[in-house]
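Trainee: Got a predicted structure plus its sequence, pasted below:
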Amino acid sequence: SRLLTICITVFIFGILFYNRKNLLKDLVVVVMLIVLAQSFTGVMQFYAGVGKIDLSTLVNSLQSTTGNKNIFAAALVIKIPLIIYCILKRQWIFKYLGLLALFLAILAVLFINARSAYLGLLLSFLTMGGMTLYLQLKSKSIAQFKFNSLLILGICALAFFISQHTLNKAKLFNQSTVYGSFADRLGTVVDTDNETTNIRLKYWEGALDLISKQPLTGVGYGNWKLYSPLYTGPLINDNLFSKHPHNDFIEIAGESGILNSIIFLSIFICAFFSALSVLRSKRDPELKLISIIILGSLVGYFIDAFFNFPSERPHIQVLFAFILGSILTKYFASAEAPSESHKPISKLIVIVPAILIGITTIYVHAVVSQSMKAQWIVDNDLNSIDNIPGALPKLKFAQVNAMLPDYPQIAENSEIIAFKKAKYLRAEKRYQEALHLLDSVQYQSPYLPYSDYLRCNIYLETKQLDSAYKYGKRAAAIKPTNFYYF
């Protein structure tokens, strides 16, 4: 349903941009104002806490409305080219607000210390700068190019030096923090001795091994997290797993086959060569500028997809749909208007399926939303008694069974929904029912230790020590670094 939702969103943006050449100028103002508000809040939050709060804690708290600092940084990197377009095409108040938004956005990205965002920002600027220089030299309108370039570069340089001075000063009081200057953080991307770099490489190795076993079909869309324990179990302490290999291209290949990953990669390759084709053509200069801006945003998304998992992040997916919608419309198509005789038919062919698919995805999202709310209630209820001997949850099995819909079968935290229900059966001492429920759904998640650990505890409580030893040993083998499995 998520994939269909993104496809429909791309379609909606495509309709929005179709035959509306000046609409992008208005939309980037909206984007600019949002970035201005988010960046201002983030920068003020950082300065309010610097020197008072541990730098690591402070940096990790810079999340805006995204819930994660890396998502916030990636979203800003993708939006920055749109802000530059606003600066170039709007006048007076919006131009000056755009300059302020650009300054604060770059400042916020540098404060956040996300390495993939640093790399994405750098490559995005290099892409836009190189293509714009080529365009301006070709058109010989270098005077205006110099003014705008110096203005934007001046803002970027000011934000860079202020951020580095602030971060270096903050690090004097937090020597143990992993965060620091732009050069220090970016340098760890290729440092294989760095813990986070090394573990990401281990994720990739595991994912490539999974791909080698089912290269054509993959293990199923969204199923990487079910196989993750095979590769990440010994890498992360406690009862935690990585639900993603931190590379969308590898994850797509692992889940749905190498061909689909190549198709996904081709989006970026085709966009790049389309932009080059537009630049070398005799088309409208405005179209050429838009192609550069959109490509700059797409480069930011590409880097995030290479090091993270933006396909799972709604904030980033809306921006991705915005970019693809722009690419697929008249900005990169013929300016010739469609024939009037074909308009009604073509509209029906596209709109009717989109509405039907939209209704289906809305229903699925509604069911998932209901399940997510129930999962939150159930997880909090179970967590409140975790490792407290003799403590019982407030909810009963009947209540939980009624709260959780049949779909989805796998919870957000990778647990089987039936596993959560079995915990309540165990609390009510309905042991056989709990074991039967776990056995009936074992195929849904055969590589996670949760069910085996629960079986171990049930057999301990029923004095079946041989069975308890068997399942306890299996759980410990899957997750050897979890203290509670020993």
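Mentor: Structure's in. What do you need? Numbering: from 1, shown residues only.

Trainee: low-scoring pLDDT stretches of the stretch 101-250 of the chain, where are they?
Mentor: 139-145, 190-197, 233-234, 236-240 (pLDDT under 70).

Trainee: Can you list the residue ranges for helices in it?
Mentor: 115-139, 142-171, 182-187, 195-213, 224-227, 229-232, 248-256 (DSSP state H, counting those that start in this stretch).

Trainee: which residues does the residue nearest to Leu392 when sequence neighbours are not counted contact?
Mentor: Spatially, and ignoring its direct neighbours in sequence, Leu392 is nearest to Ala427 (5.4 Å; Cβ to Cβ, 6 or more residues apart in numbering). All C-beta spots, glycine's among them, are computed from the backbone N, C-alpha and C. Taking Cβ atoms under 8 Å, 6 or more residues apart in numbering, we find Ala427 in contact with 392-393, 397.

Trainee: can you give me the end-to-end distance of stretch 443-453?
Mentor: 16 Å (Cα to Cα, to the nearest Å).

Trainee: next one: it to chain centre, how far?
Mentor: Taking the mean of its C-alpha atoms, stretch 443-453 sits 26 Å from the chain's own mean (Cα atoms, centre = their mean, to the nearest Å).

Trainee: And stretch 102-112, by the same measure?
Mentor: 19 Å.

Trainee: Quick one: residues contacting the closest residue in space to Phe13 that isn't next to it in sequence.
Mentor: Counting by Cβ to Cβ, 6+ apart, Phe13 lies nearest to Gly325, which is 2.5 Å off, once chain neighbours are set aside. Neighbouring residues of Gly325 by Cβ under 8 Å, 6+ apart: 9-14, 16-17.

Trainee: Any chance of those in JSON lines with pLDDT as columns?
Mentor: Shown next, in JSON lines, are the contacts of Gly325 (pLDDT from 0 to 100):
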{"residue": "Thr9", "pLDDT": "85"}
{"residue": "Val10", "pLDDT": "84"}
{"residue": "Phe11", "pLDDT": "81"}
{"residue": "Ile12", "pLDDT": "82"}
{"residue": "Phe13", "pLDDT": "84"}
{"residue": "Gly14", "pLDDT": "81"}
{"residue": "Leu16", "pLDDT": "81"}
{"residue": "Phe17", "pLDDT": "81"}
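
Trainee: where in the stretch 251-400 of the chain is pLDDT low?
Mentor: Those would be 330-348, 350, if you go by pLDDT under 70 across the stretch 251-400 of the chain.

Trainee: Show me the strands in it, by range?
Mentor: Taking DSSP state E, counting those that start in this stretch as the criterion, the stretch 251-400 of the chain carries no strands.

Trainee: What are the boundaries of the helices in it?
Mentor: 258-280, 285-307, 314-327, 343-383, 397-403.

Trainee: Pick the most buried one from these.
Mentor: helix 285-307 (a mean of 23; mean count of other Cβ atoms under 10 Å).

Trainee: Does anything pack onto it? Which helices or strands?
Mentor: helix 69-89, helix 115-139, helix 248-256, helix 258-280, helix 314-327 (3 or more Cβ pairs under 8 Å, 6 or more residues apart in numbering; DSSP states H and E).

Trainee: For Leu216, grab the count of nearby residues.
Mentor: Neighbourhood size, Leu216 [other Cβ atoms under 10 Å]: 10.

Trainee: err, Gln91, not the other one
Mentor: 7.

Trainee: same deal with Phe46?
Mentor: 23.

Trainee: so after the helix or strand that it is a member of, what's the next helix or strand?
Mentor: Applying DSSP states H and E as the criterion places Phe46 in helix 23-49. Downstream of helix 23-49, the next assigned helix or strand under DSSP H and E is helix 55-60.

Trainee: Name the residues of that next one that are buried.
Mentor: 55, 58-59 (16 or more other Cβ atoms under 10 Å).

Trainee: same for that helix, what does it pack against?
Mentor: helix 23-49.

Trainee: quick check: angle from the helix it packs on to helix 69-89?
Mentor: 130 degrees (axes from the mean of the first three to the mean of the last three Cα atoms, to 10 degrees).
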